[in-house]
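> quick one: sequence plus predicted model below, questions after.
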Amino acid sequence: MRMVLRLFAVVALLGLAGCGDDEASEAAPPVRPVLSTVAEVSPLPEPTFAGSVQPRYSRDLGFRVAGRVLSRNVDVGDTVEAGQLLASLDPQAQALAVRSLQGELAAAQAQEENARLARDRQAALVQRNASPQAQLDSAEQQLASARSAVASRVSELDKAKQELGYTRLLSETDGIVTAVGIEVGQVAAVGQVAVTVAQTDVREAAVDVSDEEVDALAPRQAFLVSLQIDPSRVTSGRVREIAPRSDSATRTRRVLITLDDPPPAFRVGTTVDARRDTGSEGEIRLPDTALLRTGAEASVWVVDEAAGRVARRAVTFEASGRGEVRITSGIEAGMRIVTAGVNSLKEGQAVKVEQELVR
């Protein structure tokens, strides 16, 4: 009887052990292969506008006197400094006028000296009662007239010397020559644009923006401007002016972006691309199949590659309408995210990364 009871006990223990093994096998889910991708920061999809670098300030310089062009010392593209000679006229007529007025001034000064001496003689005679006061008054009047003539000749001579200086066209500022309107030998008129000098200290990017996109811009809007020939060279700028009217042919408006201390590579006339600076380096985009939605909340499965398991992470997102979502918070760049079968995973479940999703 005791032997029978022992046999029953052994059988019962073996049965309990078998049940424990079955429950343990059911409690531990099998290692599951999953599709995944590494979260990366993608550039924001901002529109790009093409344009060129232009000077903020430009000066159209011309002669203040008419004359035949004797020399032109610069060409388009030349760099000039303030006070540098740009062009000159034949100064012969102005030089002759200066000489003539110098002679007239000398004659007027001589007449003034004679008038002064005559006045002094009359003053001495009146003092000795040898001449009437009327003679002295007349001498004083002649001296005043002579002095007035000298002052007039001095003014005329100064004007003539100034006109002689006007035969030399000098740059008023540092800059670069962007246009020339005269040639040696031609007769230049007063005020005719001879040389255009653009200041290079303040440069702007002039871009054309469509009517649909210009509404999103505002004065002082931050922009990033890059060279078309070398997109790696980038500088910043801000909108200074938006044209109030659009071009009737292109239906675009001219937008001027003042560049912030641009490098020398951003020369006047260089073609550039401009895009809005949103202040963010980019965004993380994931396939919408990576989201595990529970009511109004959403989460993703983050793969711990070292442990080979997944962990649930709550996220906030915005739909992009292209089968993708923009993750605004919850995960960071570099995390591996499960992209398929998210509804059948469990917290801490062992997984195997079979294939990385290429986007």
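Good, I have the coordinates. Computed from a predicted model, the values in this text were never measured in an experiment. Numbering: from 1, shown residues only.
> how far away is the most centrally placed residue in the chain from residue 55?
In the chain, the C-alpha nearest the mean C-alpha coordinate belongs to residue 259, at 1.9 Å (C-alpha atoms, centre = their mean). From residue 259 across to residue 55, the span is 11 Å (C-beta to C-beta, to the nearest Å). Placement of C-beta: from N, CA and C, glycine included.
> quick check: neighbours shared by these two?
By C-beta atoms under 8 Å, 6 or more residues apart in numbering, residue 259 and residue 55 have these common neighbours: 203, 204.
> so what touches stretch 123-131?
With C-beta under 8 Å, 6+ apart, stretch 123-131 has contacts from 122, 132, 133, 135, 136, 139.
> picking that back up, tell me the bridge partners for the residue nearest to the centre of the chain.
Beta bridges link residue 259 to residue 237, judged by DSSP bridges.
> show me the contacts of stretch 123-131 that map onto strands.
With strands identified by DSSP state E, none of the entries of these belong to them.
> immediately after the lowest-mean-pLDDT helix or strand in the chain, which helix or strand?
Ranked by mean pLDDT, DSSP states H and E, the weakest helix or strand in the chain is helix 2-27, scoring a mean of 47. Of the helices and strands lying after helix 2-27 in sequence (DSSP states H and E), the nearest is strand 32-38.
> what packs against that following strand?
strand 297-304, strand 336-338, strand 351-356 (3 or more C-beta pairs under 8 Å, 6 or more residues apart in numbering; DSSP states H and E).
> most tightly surrounded among the ones you listed?
Mean neighbours per residue, mean count of other C-beta atoms under 10 Å, is largest over the helices and strands packed on strand 32-38 for strand 336-338, with a mean of 22.
> looking at this, residue 113 is in a helix?
Yes: per DSSP: H, G, I helix; E, B strand; the rest coil, residue 113 lies within a helix segment.
> near it, how many other residues are there?
13 (other C-beta atoms under 10 Å).
> could you do residue 230 as well?
Using other C-beta under 10 Å, the number of residues around residue 230 comes to 9.
> which ones are touching the residue nearest to it when sequence neighbours are not counted?
Excluding the flanking residues, the one nearest residue 230 by C-beta to C-beta, 6 or more residues apart in numbering is residue 265, at 7.4 Å. Residue 265 is in contact with 227, 230, 233, counting by C-beta under 8 Å, 6+ apart.
> partner strands of the host helix or strand of residue 285, with direction?
Using DSSP H and E, the element containing residue 285 is strand 283-287. Paired strands of strand 283-287, with direction, are strand 41-42 (antiparallel), strand 324-329 (antiparallel) (DSSP bridges).
> and the last one, how far from the chain's centre?
When you say that, I think you mean strand 324-329. A distance of 32 Å separates the centroid of the chain from that of strand 324-329, by C-alpha atoms, centre = their mean, to the nearest Å.
> pull out the buried residues from that strand.
For strand 324-329, the neighbour count (16 or more other C-beta atoms under 10 Å) marks 324, 325, 327 as buried.
> now do stretch 147-161
Neighbour-count burial for stretch 147-161, counted by 16+ other C-beta under 10 Å, picks out 147, 149, 150, 153, 156, 157, 160, 161.
> break the chain into its domains for me.
Split into domains by automatic domain parsing, the chain comes to 31-43+282-356, 47-90+170-277, 92-165.
> which of those has the lowest mean pLDDT?
Lowest mean pLDDT within these: domain 31-43+282-356, a mean of 86.
> the helices in the stretch 201-350 of the chain, which residues?
211-214 (DSSP state H, counting those that start in this stretch).
> kindly apply the preceding question to the stretch 51-200 of the chain instead.
92-127, 133-165.
> quick one on the thing from earlier: can you give me the distance of the residue nearest to residue 230 to residue 119?
Per C-beta to C-beta, residue 265 is found 74 Å from residue 119.
> do residue 283 as well
For residue 283 relative to residue 119 (C-beta to C-beta), the value is 94 Å.
> those two - which one has more neighbours?
The residue with more neighbours, out of residue 283 and residue 119, is residue 119; 21 against 17, by other C-beta under 10 Å.
> relative to residue 144, how far out is the more buried one?
With C-beta to C-beta as the criterion, residue 119 and residue 144 are 9 Å apart.
> do residue 91 as well
Taken as C-beta to C-beta, the span from residue 91 to residue 144 is 36 Å.
> on that earlier part again, for residue 316, which of the helices and strands packed on strand 32-38 is the nearest?
Of all these, it is strand 297-304 that lies closest to residue 316, at 7.4 Å by C-beta to C-beta.
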